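> Sequence and predicted structure are below.
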Amino acid sequence: MDAAALSEVDVRLDSFVGEVFSSLSRKDRVATAGVYTRGLMLAGERKSMQPMAQRLGVDHQRLQQFVTSSPWKVEPVRMTLSRKACEVIAPDAWVVDDTGFGKDGDFSPCVARQYSGTLGKVGNCQIAVSVHAASDDASCPLNWRLFVPKSWDEHCADDPAAANAVAARRKKSAVPDGERHRPKWEMAVEMIDELLAWGRPRPQVVVADAGYGEGAQFRAALTDRDIPYMVAVKAATSVYPADAVPETPP
């Protein structure tokens with residue numbers, strides 16, 4: 001790529017960063033957001049702070065602070081990103097799914113031994129629940145949440161000693177007090193409500209695998225919101241005609 005083309009890329013990327021991070025009040029944070037965005041988009045498999053900082057020629061602590069402790073709200077950024085994604089993709093469907101991120105240690109927030117479709121087995125990982133915009137040509141996440149396993153919620157612990165250990169682990173990993181273990185389908189519905197509140201066009205259809213589709217509460221929540229859906233169900237799922245009326249046998 002020649003110098004003129006690289007300059008054009010820089011201009012477009014600066015414009016993108018300025019729009020997406022317009023909610024950040026301080027110019028130095030917007031500048032760091034631009035550096036971080038470049039790090040995510042540049043070549044290189046590892047997208048953790050130190051490898052990215054090395055490629056960018058900056059102090060990795062600057063990026064670390066921006067992501068982990070700098071006091072800026074993520075919701076306005078996500079709202080802008082979701083709008084831009086819908087404009088580009090013109091989605092035919094919203095896809096509800098979850099993705100596993102394999103981890104070697106146990107210090108990352110909400111990491112636990114749990115099933116991951118990405119790994120294809122039970123493994124040590126984090127799980128992110130997401131809502132994607134999708135068409136025949138492209139897809140992009142519109143919203144996402146980090147799943148909190150029971151082992152990361154002291155309210156689910158069996159005894160006070162275990163509860164105290166979990167509480168200390170949460171505090172060390174900076175897990176917000178309001179984030180608790182709850183079903184993945186509930187997180188998905190919350191994200192759909194948030195997207196609609198942000199003004200995203202109502203989806204033509206929501207699709208999901210059986211991990212979500214077999215849950216009657218998830219399907220009922222979509223029906224209550226007048227959102228069409230096409231979901232997988234397991235072979236043991238009972239199906240009744242729409243006009244069926246439950247009766248108590250003698």
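In hand now; what should we look at? Numbers count the residues shown, from 1 in each chain.
> Where does the prediction get shaky in this protein?
Applying pLDDT under 70 to the chain flags residues 1-3, 5-6.
> Just give me the residue closest to the centre of it.
Trp144 (1.9 Å; CA atoms, centre = their mean).
> Quick check: the gap between it and Pro176.
15 Å (CB to CB, to the nearest Å). Backbone N, C-alpha and C define where each C-beta goes, glycine included.
> Which residue is the nearest non-sequential neighbour of the residue nearest to the centre of the chain?
Nearest residue to Trp144 in three dimensions, chain neighbours excluded: Ser130, at 4.1 Å (CB to CB, 6 or more residues apart in numbering).
> Direction included, what does the helix or strand harbouring the one you found pair against?
Secondary structure from DSSP states H and E places Ser130 in strand 121-134. Strand pairing for strand 121-134, determined by DSSP bridges: strand 93-102 (antiparallel), strand 112-116 (antiparallel), strand 139-146 (antiparallel).
> what's the closest of the ones you listed to Val231?
strand 93-102 (8.4 Å; CB to CB).
> Beta-bridge partners for the residue nearest to Ser116 when sequence neighbours are not counted, please?
Using CB to CB, 6+ apart and skipping the chain neighbours, the partner closest in space to Ser116 is Gly100 (2.6 Å). When assigned by DSSP bridges, Gly100 has beta-bridge partners Ile127.
> I figured the residue nearest to the centre of the chain hits His132, correct?
No - contact criterion CB atoms under 8 Å: Trp144 and His132 do not qualify, at 9.1 Å.
> what's the burial count for Leu40?
Neighbours of Leu40 under the rule other CB atoms under 10 Å: 9.
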